[in-house]
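Engineer: here's a sequence, model it:
(chains A and B)
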There are 2 protein chains.
Amino acid sequence: VSWDPRDPIAAKRDGRTVAADEIERLVADFTSGALGEGPMAAFLMAAVLQGMDSEETAAMTRAFVASGATVALGDVGRPVVDKHSTGGVADAVSLVFVPLVASLGLACVKISGRGLGHTGGTVDKLEAIPGFGVGRTIDEMRAQAAEIGCVIASQTSELVPADGMVYALRNATATVASIPLIAASVMSKKLAIGSDLIVLDVKAGSGTFMTDETAARALAEACLEIARAHGRRATAAVTDMSQPLGTTIGNALEVAEAIAVLKGGRPGRLRDLSVWLAARATALLCGSALEGAARRAASALEDGSALDAFRRLVVAQGGEGRVVDDPVGVLPAAPVRLPIVASASGCIVAIDAAAIGAAATVLGAGRHRKGAPIDPAVGIVLQAKVGDLVEEGEVIGEVHARSTDTAEQARAAVLAALRTDAEPVVPPQLVAASLGEAPA
Amino acid sequence: VSWDPRDPIAAKRDGRTVAADEIERLVADFTSGALGEGPMAAFLMAAVLQGMDSEETAAMTRAFVASGATVALGDVGRPVVDKHSTGGVADAVSLVFVPLVASLGLACVKISGRGLGHTGGTVDKLEAIPGFGVGRTIDEMRAQAAEIGCVIASQTSELVPADGMVYALRNATATVASIPLIAASVMSKKLAIGSDLIVLDVKAGSGTFMTDETAARALAEACLEIARAHGRRATAAVTDMSQPLGTTIGNALEVAEAIAVLKGGRPGRLRDLSVWLAARATALLCGSALEGAARRAASALEDGSALDAFRRLVVAQGGEGRVVDDPVGVLPAAPVRLPIVASASGCIVAIDAAAIGAAATVLGAGRHRKGAPIDPAVGIVLQAKVGDLVEEGEVIGEVHARSTDTAEQARAAVLAALRTDAEPVVPPQLVAASLGEAPA
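Structural biologist: The predicted model follows:
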């Protein structure tokens, strides 16, 4: 009996369950070109509207993984952790987390996509360091992980090509907004890397695509369910993205901020979340208690070992290692700087992360279109956080721009994104929920 | 501001209304190639699942019509009627209706598609007549309509090309089953022909795609709504397709049956429905009462004027006119004939029209694949109707086949499709509902 792709499409359309092998066949045929964009797009829209159950979602994830190569890391000699963030404004956690866990005895091979939106992705940020190369073959990743414990490389076409093809189609067909489809896409990239633990940072708030905490939690659960179906260990946190996480938005600026955190001298939410996630990973993989692991992570920031790991990472990937000693001297700087001054006294009760991200894009820090260039030097510094008390006229940040025009525009946008009130508020919880495997 | 096709797709996905100009743009861009199959398929699936309101449906219809040429028939000198059937088993109504209304002083330019399924479409049936040509340019159609009052031609790529392209995509993406999409497709082909009245025969029952009478009525209403939105007169009937309409299923066989009806000598449902529809069209276009129009239509069958119109049609399109005098001598005949004998005594309580249609396809009377050849000679004769009393051993029909094997197969299938019971039943109503414009 010949297979008819309209059968699974009609089943999904009508809200019936689609067999795992039918979903795998749809993805495989779409990837090979045997199935056109039309049928695949129809299936995706039906999946958006009718949902997918955990078996269907696991099958789609499996099909994505099966479309490409996988990276076996069993021989790197350390427990391997992988980490994924669903993305947010001023989210430089990976730049801190990866060297930090390497300094704590774990290995981490982090594959990152290039970003769309307010700033580039992790690899775009690292490219702000002169010489830093993000293209790595699978063999190079394994060798570097064995040698220095960490790699941050860009997504290669060898890994999960089906995910990239399906994502491009989803992006063109308004079928991005679907928890099962997002979960399958996220997890396929994690499953293709042979880690011992997957750490998921699922953001919730205006600065990410999951503005709603309930939806973010559902996405985390869907990802964990896929990990379970594939026999993989995973843990997840739902974290606050109602305001920018760190204090900088911009590629070189975020590298500099990460270096400051790695030097131990920069308290705040970026440091707190990096330590929280690194401690969790270490505790789970080394069987230690969470409290001790958190102390060890903090020490690695204080004693320079995390910074050393970052330096080794930069040098191993061809970058200028001196960046850790003299970020200002090595990283590109924008020609125009404008201070951001509080326009009212009171408590900052809200910072619209999406609006701040949009202001950074206006400066050139992000891209709207795949493949478009980004300006590594520009961006926004914003020290103020929700809950902070500010005085009118107080400098609370700085715009780094290519021109006075864009600087003025971005400054106005940042100020418009802040809400001040006489009544103080309690800052939102950094970690709203913790799901999946939990350490003692 | 540049247009983003994802906006209307997302709106339809989320159940919001899509503006008419956005739907028109989607169709126009898809037809020109500016929009890919993926986005169009995603929109279609969203439309299947979220529905389309009457304005959206009218906009899609308008876009289909605007994609091609239209046929102006204002100068043919008679009121022009157009007729469409949603298709069924043993539905040769067009072969009777078109010459019948021509003999009653109307003009009818009927464009028919080639069929998929149990038999060919109307043009496939007419091609069973040696020499009959179904390809006609728009100018030829107008000239022939002015001269003899009727034309039956095949769909040309000049008319509503967007509908054909969208239908092909729907067929590949399991997005056929949608009342608004079906209505837009049906009505675009009617609106492209400049008629004064559109007569819709919407079938309900196992022998057509609308098995449910409520759905058939909804489709009829949707079509009438499109006509209203375009300022066109229309009337519709929901008619029975729970059993075959006529007594033959097959291309040459149906031509022969239509000729018998046109000669006035063949009572039954095919004649009744043809007269019902022709009377309605005549009454509405000539402002006469329905009863008188029905009498005139019956007379046209009795007095040979409808048969003369059919002969003129055949000759005008290159066919062998002698077919009306000697159908058996002119039409192709199948080499194998097997009688169908009732296997039980009692009342026929059900005839599965879909199964009878499938049996005809096995014989070669229909096609499963666009462009596949059909065998004009083969088919099934089945005199028995629901409500008839039969005796075991009584001959109730005949299979016309290319081989004994397929004949036996078809005969078994026909017998399996009949249900006989001791308890008699009342035959289903031929016209279940009449909607739209009604004559006095």
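Engineer: flag every residue of chain A that's near chain B.
Structural biologist: A:6, A:9-10, A:13, A:36-42, A:44-46, A:48-50, A:169, A:172-175 (Cβ under 8 Å from any Cβ of the partner chain). To be clear about C-beta, it is placed using only N, CA and C from the backbone, and glycine gets the same treatment.
Engineer: mind redoing it with 10 Å?
Structural biologist: Residues of chain A lying close to chain B by Cβ under 10 Å from any Cβ of the partner chain are A:4-15, A:35-50, A:168-178.
Engineer: is there a quick ChimeraX command that grabs whichever of those residues are buried?
Structural biologist: To isolate the buried members of those in ChimeraX, using 16 or more other Cβ atoms under 10 Å in any protein chain shown:
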select /A:5,6,8,9,10,11,12,13,35,36,37,38,39,40,41,42,43,44,45,46,47,48,49,50,169,170,172,173,174,175,176,178
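Engineer: out of the residues of chain A next to chain B, list just those in helices.
Structural biologist: A:6-13, A:37-50, A:168-172 (DSSP state H).
Engineer: report pLDDT for A:G265.
Structural biologist: Listed pLDDT for A:G265 reads 86.
Engineer: which strand or helix spans it?
Structural biologist: For A:G265, there is no helix or strand it lies in under DSSP states H and E.
Engineer: what about it, how many residues nearby?
Structural biologist: 11 (other Cβ atoms under 10 Å in any protein chain shown).
Engineer: show me what contacts it?
Structural biologist: When contacts are counted by Cβ atoms under 10 Å, 6 or more residues apart in numbering or on different chains, A:G265 touches A:259, A:271, A:301-302.
Engineer: need the contact list for whichever residue of the stretch 201-350 of chain A sits closest to chain B.
Structural biologist: Minimum separation of the stretch 201-350 of chain A from chain B (Cβ to the nearest Cβ) falls at A:F209, amounting to 13.5 Å. Contacts for A:F209 (Cβ under 10 Å, 6+ apart) come out as A:86-88, A:117, A:176-177, A:182, A:203, A:215-216, A:219, A:241, A:354.
Engineer: how much space is there between it and A:V89?
Structural biologist: 12 Å (Cβ to Cβ, to the nearest Å).
Engineer: ditto for A:E408
Structural biologist: Counting by Cβ to Cβ, the gap from A:E408 to A:V89 is 21 Å.
Engineer: A:R233 too?
Structural biologist: For A:R233 relative to A:V89 (Cβ to Cβ), the value is 29 Å.
Engineer: these two: who's more crowded?
Structural biologist: Using other Cβ under 10 Å, the more surrounded residue of A:R233 and A:V89 is A:V89, with 31 against 17.
Engineer: shouldn't that one be within a strand?
Structural biologist: No. Assigned with DSSP: H, G, I helix; E, B strand; the rest coil, A:V89 falls outside any strand and is coil.
Engineer: touching, it and A:T247? I think so.
Structural biologist: No. Under the criterion of Cβ atoms under 10 Å, A:V89 is not in contact with A:T247, lying 11.1 Å apart.
Engineer: okay, and the common contacts of those two?
Structural biologist: Joint contacts of A:V89 and A:T247 (Cβ under 10 Å, 6+ apart) are A:380, A:382.
Engineer: which of the contacts of A:F209 fall in strands?
Structural biologist: A:K203 (DSSP state E).
Engineer: quick one: least confident of the contacts of A:F209?
Structural biologist: A:G117 (68).
Engineer: for the residue lying closest to A:G268 once chain neighbours are set aside, what are its contacts?
Structural biologist: Residue nearest to A:G268 in three dimensions, not counting chain neighbours: A:T247, with 6.5 Å by Cβ to Cβ, 6 or more residues apart in numbering or on different chains. By Cβ under 10 Å, 6+ apart, A:T247 lies in contact with A:90, A:92, A:253-254, A:257, A:260, A:266, A:268-270, A:380-385, A:396-397.
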